[in-house]
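A.B. asks: I would like to see how this sequence folds:
(one chain, ligands or ions: 1)
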Amino acid sequence: MISWGVILVCVSLSWRLETASSQTHEVVCSGTQNGLSSTGSQEIQYNLIKERYDGCEIIMGNLEITQIESNWDFSYLKTIREVTGYVLIAMNHFQEIPLGQLRVIRGNSLYERRFALSVFFNYPKDGSNGLRQLGLANLTEILEGGVQIINNKYLSYGPWIFWQDIIRDNSAPIEIQFNGERGPCHKACGDYCWGPNKDQCQISLLSLRTL
Ligand SMILES: *[C@@H]1O[C@H](CO)[C@@H](O)[C@H](O)[C@H]1NC(C)=O
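C.D. replies: You can find the predicted model right below:
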């Protein structure tokens, strides 16, 4: 007799290709290529994202989080360490996105053929909800493509990162415009931080010191 447990395990394994690297066992899952088209109701949209990325460490392809209207629980994104394509965060109303473990965006595919990280229009028409900090405290490398952060009315942390230190392609575009007021960094951080706290200083890989 096959138990439901076994069936569930099979279903969830089919979402992920587990690969064994030399030292660690990394959970790899595939990303999406939807751009701004949404897949139906909020709940369906949210559940699709959750099923796809729960427990994921490496995304082969793009991470696209778009048109999520309220503060759904995205804590399962905490495990993601690498995205091989681009990261798109657009037209959402949540305040934070827990991608604190994300270290590398490879940019093997780019949003609008230019951006490895694109963050725009993350606030609702009414009210004061909306993205406040990017929280990408461990992001130190974007191997190809640039960054676009525009029209995030309440975003106080993220736009003012020293992007030149993260973006490897010197000719890649950096478009930063129409965001919130710049928030102050903790005094331990100097001028560059991902949020107000001491553990949110921008880490510099190039100079191997905290900026
Ligand atoms: C950054 O990575 C370190 C080491 O894995 C971890 O301890 C820390 O919590 C991460 N930062 C965030 C904001 O998640």
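
A.B. asks: for the closest residue to the ligand within the chain, what are its contacts?
C.D. replies: Closest contact between the chain and the ligand, by Cβ to the nearest ligand atom, is at Gly100 (2.5 Å). Every residue, glycine included, has its C-beta placed from N, CA and C. Contact analysis of Gly100 by Cβ atoms under 8 Å, 6 or more residues apart in numbering lists 78, 135-138.

A.B. asks: Just the buried residues of the residues you listed.
C.D. replies: Buried members of these, scored by 16 or more other Cβ atoms under 10 Å, are 135-137.

A.B. asks: so which of these comes closest to Leu155?
C.D. replies: Gly135 (10.8 Å; Cβ to Cβ).

A.B. asks: That closest one touches Leu99, doesn't it?
C.D. replies: Yes: using Cβ atoms under 8 Å, Gly135 is in contact with Leu99, at 6.5 Å.

A.B. asks: pLDDT wise, what is the residue of the chain closest to the ligand at?
C.D. replies: Here the pLDDT value assigned to Gly100 is 93.

A.B. asks: now swap in Leu13 and tell me
C.D. replies: Confidence score, pLDDT, at Leu13: 44.

A.B. asks: picking that back up, filter the buried ones among the contacts of Gly100 down to the ones near the ligand?
C.D. replies: Ala137 (Cβ under 6 Å from any ligand atom).

A.B. asks: could I get the buried ones among the contacts of Gly100 as TSV with pLDDT and secondary structure?
C.D. replies: Formatted as TSV, the buried ones among the contacts of Gly100 follow (pLDDT from 0 to 100; DSSP: H, G, I helix; E, B strand; the rest coil):
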residue	pLDDT	secondary structure
Gly135	89	coil
Leu136	95	coil
Ala137	93	coil
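
A.B. asks: This structure against the ligand: which residues are in contact?
C.D. replies: Checking the chain against the ligand by Cβ under 6 Å from any ligand atom, the hits are 100-101, 137-138.

A.B. asks: shouldn't Ile176 be in contact with Gly146?
C.D. replies: No: judged on Cβ under 8 Å, Ile176 makes no contact with Gly146 at a distance of 10.4 Å.

A.B. asks: who has more neighbours, these two?
C.D. replies: Ranked by neighbour count (other Cβ atoms under 10 Å), Ile176 and Gly146 place Gly146 first, with 21 against 15.

A.B. asks: distance of the closest residue to the more buried one other than its chain neighbours from Gly158?
C.D. replies: Closest residue in space to Gly146, ignoring its immediate chain neighbours: Ala172 at 3.5 Å, by Cβ to Cβ, 6 or more residues apart in numbering. Computed as Cβ to Cβ, to the nearest Å, the Ala172 to Gly158 distance reads 17 Å.

A.B. asks: Look at those two and report which has more neighbours.
C.D. replies: Gly158 (26 against 19).

A.B. asks: I figured that one was touching Phe120, is that so?
C.D. replies: No: between Gly158 and Phe120 there is no contact under Cβ under 8 Å: 11.9 Å.

A.B. asks: Return every residue with contacts to both of the two.
C.D. replies: Joint contacts of Gly158 and Phe120 (Cβ under 8 Å, 6+ apart) are 149, 152.

A.B. asks: Kind regards, and thank you for your time.
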